[in-house]
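Participant: quick one: sequence plus predicted model below, questions after.
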Amino acid sequence: MTDTLRLPLTLIPHSMWEVNVRTALPESWDEIRHTVYRAGRCEACGDGNGGRAWQAHEYWGFDGNRQVLTHIANLCDVCHSATHLGRTRRFSGSDQAAKEALQHLAAVNGWSLQQAAEYARRELALTAQRSKQPFRLDLSLLQREYGVPVPPELGGPRRGQLRRLLGAA
């Protein structure tokens, strides 16, 4: 996941929105996510599924112009909403949902609400900078950790975009 945070934000450059393992390899996604769910606990807050739904969450690193898949974590739905703070606010249309997600982010990381807000502002600024350049998708982790081959060409509605993004990854 990350070396210092139990629950880091996942903010994706605009050019990579909705480009992920599920959209790139839909035929493999269910098997991958069910493998991740076997952890039986949320990797961020430690919840043992006390009525919360599991979400397989992709963590990404950035190396030059590559967006690199670094880990797929089992997160509870509350942690998943918090890590996607921008998406949570955009899709809920609710400042309250965003505030609750920020509060959860603070609690899991042992921060004050002010510290969480400062962290979110820094990450948003970094993502705005990243959004100025194109990225290629690197899914090589799937072969190493899950034995899922990453074909040079991928099918589905995003085929042309994915082929361009995968490049020589």
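Facilitator: Okay, I see it.
Participant: hang on, Ala125 in a helix?
Facilitator: Yes - counting by DSSP: H, G, I helix; E, B strand; the rest coil, Ala125 is part of a helix.
Participant: neighbours of Lys99, how many?
Facilitator: Look at Lys99: counted by other Cβ atoms under 10 Å, it has 13 neighbours. For glycine as for every other residue, the C-beta is placed from the backbone atoms N, C-alpha and C.
Participant: tell me if it really is in a helix.
Facilitator: Yes - secondary structure of Lys99 (three-state DSSP): part of a helix.
Participant: and the contacts of stretch 37-46?
Facilitator: Residues from elsewhere that reach stretch 37-46, judged by Cβ atoms under 8 Å, 6 or more residues apart in numbering: 1, 6-7, 47-49, 52, 54, 56, 73-76, 78-79, 83, 104, 108.
Participant: which members of these are classed as buried?
Facilitator: Neighbour counting over the contacts of stretch 37-46 (16 or more other Cβ atoms under 10 Å) leaves 1, 6-7, 47, 52, 54, 56, 73-76, 78-79, 83, 104, 108 as the buried ones.
Participant: and of these, the nearest to Ala128?
Facilitator: Of all these, Thr83 has the smallest distance to Ala128: 18.1 Å, by Cβ to Cβ.
Participant: surely the closest one touches Glu58?
Facilitator: No - proximity of Thr83 to Glu58 does not meet the contact threshold set by Cβ atoms under 8 Å, at 10.1 Å.
Participant: okay, and the common contacts of the two?
Facilitator: By Cβ under 8 Å, 6+ apart, Thr83 and Glu58 have these common neighbours: Thr10.
Participant: poorly predicted segments of this protein, please.
Facilitator: 1-3, 151-169 (pLDDT under 70).
Participant: residue ranges of the helices in it, please?
Facilitator: 21-24, 26-37, 77-83, 85-92, 95-109, 113-130, 141-146, 159-166 (DSSP state H).
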